[in-house]
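> pasting a predicted model and its sequence here:
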Amino acid sequence: MAEQPVHPTDPAQVIEALQRELAELRKRELVHRSVQDKLESEVRIWSRAVEQSPASIVITDVSGKIEYVNPKFTQASGYPLSELIGRNPRILKSGNLPELVYRQLWETITSGAEWKGELLNRKKNGELYWEFVTISPLRDSTGQITHFLGIKEDITKRKRVDEALRISEENLRVIFNSVYDAIFIHELNGTVIDVNEKGLKMFGVTKEQALTLSMKDDLSSKENALDDLPAYWKKAVLGENQFFEWKARRPADDFTFDVEIFLRRLTLRGREAILAAVRDVTDRKRMQQQLFRAQRIDSISTVVGSIAHEFNNTLNNVLGFSNLIRKYIQDQAKVMKYSTAIEQSVMRSADLGNRLLAFARESKKESAPVDVAHIVNELITVSGKTIGGAITVTHKIDPQLMRIVGDGQELSQALFNLLINAKEAIAARKDPSAPGAIFIAADNSLVSETLAPKLMLPAGSPCIVLRISDNGVGIPEDIIERIFDPFFTTKERGRGAGLGLSFVFSTVRSHRGAITVDSELGKGATFQVYIPALDPKRIADERIDNLLKSKKGIETILLVDDESAMREIGTDILEGSGYRVLTAADGLEAVDIYKSKSKEINLVILDLVMPKMDGGQTFLELKKINPKVKSIFCTGFASDAIITQLLAEENIPAVQKPFRQEEFLHMVQETLNGVGV
């Protein structure tokens, strides 16, 4: 039998028991209140979180009717709360998505699974916006779905950026495959990452084949020097842009062709790479060779007429002395004298023939040390007979004349053209029978500060000066600026193509030199050719390199050039040396930038020839804003006499295109430091 609880009968015990029970009840009440307070606090926190959430939140019943939305939902959709409660979220449908999307969404969540995806919705005002949506079923304690919870993030900006990037990539791909040059993208180790359609066509390969080829081993002709490409590549990897001529090879048929290659290091989506732009210049080189050949034929035709006279003289000597030998066969002294004269005549003719053949012989364009003194001496020997006995040719050559780097044969042709030009100027005088004179001089020199702007050579550079003077008819002032233009000639129709002096100018420019003309009507003309020299007494490159290594630029430079490629190249060079670079595409834009930032800009680099406002006019406008503006002119050819005068009067340094990077940076530093300015 179960034991019955004992109830106290003593009043004191009853009171004590009641007090214990009361204390227990109070304790339980405190715990319950604490739990209730905690729950209420958590509810308040979650409520604030939902209300203040940056994401849109919506709760619907199982039929899809909205029971709750947070403020972000009303803000994003543009609908007030009163127009949302009790309605289906499909009121936001844009009509731009397939109905299948919504059907799959509903089937997913009603089956108890979570749905995630992107929806294009429409606000109340009609504006479209993208959302990333997550919809989850909510269940009660029995596991039954009672509601659906939707959390939505506005991704409109991201979608716009993605779309812009997609369009940009498509455009870049179209451009990539439409450019004239073959474009290869390489890993730094030389592995091909990508190639455009021009590259595939140029080398006759498929995309799959191109990704396995090496420019050095598979696409390069054996005619190239083995060490050249690795040297160029190494410099490109170090961040130095490289531009050089190359002999390319088509793997399929081993066909070789001439190309120009531009190498540049760049970053593609965080990946370091080398861009190689390859341009087929075979046709251009062929045309240049044809022009060179035409110049030689034109020159040879001039030489042959005069040189035939010299050959006839020597042949006459041979014939005459042969007859005398037969006549005086018994006179040993005379036989020896006449036979020696015959031998000298024959050797003279042979030497003349060899020189003529050497002059006419075609060869590849070279870039090597050239002994200009030897070229001038040989040219004088050959052309002395070509010019004619009525014209006296004298010369003076510095016995220590420095060498240059270039193509000796091309330079010889250019100098010969100047001699022929001098001869024709003398023949065009009113009295062509008057004594004619041509003087040729070759001297060492240093480009002076005064001469540097006019010649577009860095001041202080070692150079050689070739002067060819004549006492011919002279050049009229109104055409002196045009004499180097292709096809410009003062000869009557059919007597000249107008390519002689154009070839001279092109040759001098290709040797990084400059040419000037001084002339006076009736008194003749003097052509002066300045070409940078190899000076064994001055290691200019080391001096410049040491200067560049010892100082990094920190100044701000405004670079003005109408050619985008020149702006890009100049910016890369300057920023690579630490300078901050601003750019302008013409003089008007440069003036506007300088007006607002003149206190920041330490130097302005101006192209001389530009649309809207040329470099000279731009400089004068900048000087109105800041009379102490520091500037450098950079150009290919200062043909305008006014610009040339401005350069001299303002003592503005100038660098001639094409320029060496070291010389350009050296001039920038000297100008910023006030050296020679």
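Now that the structure is in, tell me what you want to look at. All figures in this text were calculated on a predicted structure; none of them were measured in a lab.

> can we go C-alpha only for contacts and neighbour counts from here?
Will do.

> average pLDDT across the one helix or strand Leu229 maps to?
Using DSSP states H and E, Leu229 maps to helix 228-237. The pLDDT scores in helix 228-237 average 82.

> could you do stretch 324-335 as well?
With pLDDT averaged residue by residue, stretch 324-335 scores 85.

> re earlier: just the CA trace of the helix or strand that comes right after the helix holding Leu229, in CSV.
Using DSSP H and E, the helix or strand that follows helix 228-237 in sequence is strand 242-250. Extracted in CSV, the C-alpha atoms of strand 242-250 (Å, rounded to 0.1, in the frame of the first residue of the first chain):
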residue,chain,number,x,y,z
GLN,A,242,60.7,47.6,-78.0
PHE,A,243,60.3,48.4,-81.7
PHE,A,244,62.5,46.6,-84.3
GLU,A,245,62.5,45.1,-87.8
TRP,A,246,62.5,41.4,-88.2
LYS,A,247,62.5,38.6,-90.7
ALA,A,248,59.4,36.5,-90.0
ARG,A,249,58.8,32.9,-91.2
ARG,A,250,55.5,31.2,-92.3
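
> and Val655, that's in a helix?
No - if the criterion is DSSP: H, G, I helix; E, B strand; the rest coil, then Val655 is strand and not within a helix.

> now for it, how many residues are close by?
Per other C-alpha atoms under 10 Å, the neighbour tally for Val655 reads 26.

> for the remainder of this discussion, apply numbering that starts at 38.
In the new count, where the first residue is 38, that last one comes out as Val692.

> and it, bridged to which residues?
In this entry, Val692 is beta-bridged to Cys671, by DSSP bridges.

> my guess is it meets Phe670, correct?
Yes - taking C-alpha atoms under 8 Å as the definition, Val692 is a contact partner of Phe670 at 6.5 Å.

> before we move on, the earlier item: counting contacts, what elements does the helix holding Leu266 pack onto?
strand 279-287, strand 292-305 (3 or more C-alpha pairs under 8 Å, 6 or more residues apart in numbering; DSSP states H and E).

> and the contacts of the last one?
The set of residues external to strand 292-305 that reach it, using C-alpha atoms under 8 Å, 6 or more residues apart in numbering, is 258, 270, 273-287, 309-319, 322.

> per-residue confidence for Gln327?
Gln327 is given a pLDDT of 67.

> with the one 4 residues further on instead?
We note a pLDDT of 64 for Ala331 in this prediction.

> go on, Ser420?
So, for Ser420, pLDDT stands at 65.

> where does the stretch 588-714 of the chain dip in pLDDT?
Regions of the stretch 588-714 of the chain meeting the criterion pLDDT under 70 cover residues 588-589, 672-687, 693-697, 712-714.

> quick one, strands of it?
For the stretch 588-714 of the chain, the strands defined by DSSP state E, counting those that start in this stretch cover 593-597, 617-621, 640-644, 668-672, 691-693.

> distance to Val502 for those strands - can I get that in a markdown table?
Formatted as a markdown table, the strands of the stretch 588-714 of the chain follow (distance: least, C-alpha to C-alpha, whole Å):
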| stretch | distance to Val502 |
| --- | --- |
| strand 593-597 | 32 |
| strand 617-621 | 36 |
| strand 640-644 | 26 |
| strand 668-672 | 21 |
| strand 691-693 | 17 |
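
> dump the helices and strands packed on helix 265-274 into TSV; add mean neighbour count, distance to Trp143 and mean pLDDT as well.
Below are the helices and strands packed on helix 265-274 laid out as TSV (neighbours: other C-alpha atoms under 10 Å; distance: least, C-alpha to C-alpha, whole Å; pLDDT from 0 to 100):
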stretch	mean neighbour count	distance to Trp143	mean pLDDT
strand 279-287	19	60	84
strand 292-305	18	42	87
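
> to Ala478, which of these lies closest?
Closest to Ala478 of these, according to C-alpha to C-alpha: strand 279-287, at 33.6 Å.

> helices or strands up against the closest one?
Secondary-structure packing of strand 279-287 (3+ C-alpha pairs under 8 Å, 6+ apart): helix 234-240, helix 265-274, strand 292-305.

> quick one: the helices in the stretch 488-637 of the chain?
Assigned by DSSP state H, counting those that start in this stretch, the helices in the stretch 488-637 of the chain fall at 488-492, 537-547, 577-587, 601-613, 624-634.

> quick one on the thing from earlier: buried residues, the helix holding Leu266. List them.
Across helix 265-274, burial judged by 16 or more other C-alpha atoms under 10 Å covers Leu266, Tyr269, Trp270, Lys272, Ala273, Val274.
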